[in-house]
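1. Coordinates for the following, if possible.
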Amino acid sequence: MVGFQLINGLAGLLIITSLLVILSGKPGNSARFYALQSFVLVLLFLALAEVSDSHELYLWSASAFVTKVVLVPAIMYRAFAKLSDPKLGSGAVMPPALSVMLAAVVVILCFWVVSGVALPAATAIKPALAVSLAHFFLGLACIVTQRNILKQVFGYCLMENGSHLTLALLAAKAPELVEVGIATDAIFAVAIMTVLGTKIFLTLHTLDARKLTTLKG
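-> Residues are numbered from 1 along each chain as shown. This is a model prediction of the structure:
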């Protein structure tokens, strides 16, 4: 069906936007790419709502647009655009080419894992389900391979988007209250991490996570 092809195609765009978030040299630009990814996620929710005849997903789409496309990126961009650590640069531990190869390996492994899933509801959307699973590991990789503490915040955001997509794919008719809980969790978590990142920079004048090794009472 065309609807399922659209869903799987939009899921592929999520991988591209994830790489843009991870490889972007400045946290402010990563915030823009995260907003773009969240907009693709909203479109995916709308496509899922049409295919599954789920009015709940239409509500998910509206709340995800407000929180993920507007509020969360605005919070991050406003805070992160003012912070920079010239000595740190992009903060990436590995070169971009290696990061792309790692992402490709993660996606392939997730496709292999999902291919064994026998759920009837997941038959036509296995590529999208594989992408949602890969998003969790891409977010984890972003946290591990970035020295910039602000870029590590985006790793959490990618993991959250992946879990959000998995829930939408497997529980399309879940109540709107579930979406509200996820969105609220994301907003508060990002707000707290943004404040902590800003305080760290103002205190230590660095964004390098490797230098956060001393605790003072």
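
2. which residue is nearest the middle of the protein?
-> L158 (1.9 Å; CA atoms, centre = their mean).

3. excluding its backbone neighbours, what's nearest it?
-> With CB to CB, 6 or more residues apart in numbering as the criterion, L158 has its nearest non-adjacent residue at 3.4 Å, and that residue is G139. C-betas here are computed from N, CA, C, even on glycine.

4. Can you mark which positions in the host helix or strand of the residue nearest to the centre of the chain are buried?
-> Using DSSP states H and E, L158 sits in helix 149-170. Using 16 or more other CB atoms under 10 Å as the test for burial, helix 149-170 gives 149-169.

5. from memory the residue nearest to the centre of the chain sits against V21, does it?
-> Yes. Between L158 and V21 there is a contact under CB atoms under 8 Å: 6.6 Å.

6. which element follows the host helix or strand of V40 toward the C-terminus?
-> Secondary structure assigned from DSSP H and E places V40 in helix 27-52. Counting by DSSP H and E, the next helix or strand C-terminal to helix 27-52 is helix 55-64.

7. what packs against that following helix?
-> Helix 55-64 is packed against helix 27-52, helix 149-170, helix 176-204, with contacts defined by 3 or more CB pairs under 8 Å, 6 or more residues apart in numbering; DSSP states H and E.

8. Could you export the ones you listed as CSV, including distance to A11?
-> Shown next, in CSV, are those (distance: least, CB to CB, whole Å):
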stretch, distance to A11
helix 27-52, 7
helix 149-170, 7
helix 176-204, 18
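
9. need the least confident one among those helices, by mean pLDDT.
-> Ranked by mean pLDDT, these bottom out at helix 176-204, with a mean of 78.

10. quick one: buried residues of that helix?
-> Neighbour counts over helix 176-204 (16+ other CB under 10 Å) mark E179, I182, A183, A186, I187, V190, M193, T194, G197, I200, F201 as buried.

11. would you list the residues you listed in a markdown table and tack on distance to S115?
-> Shown next, in a markdown table, are the buried residues of helix 176-204 (distance: CB to CB, whole Å):
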| residue | distance to S115 |
| --- | --- |
| E179 | 28 |
| I182 | 27 |
| A183 | 31 |
| A186 | 30 |
| I187 | 35 |
| V190 | 34 |
| M193 | 35 |
| T194 | 38 |
| G197 | 39 |
| I200 | 43 |
| F201 | 44 |
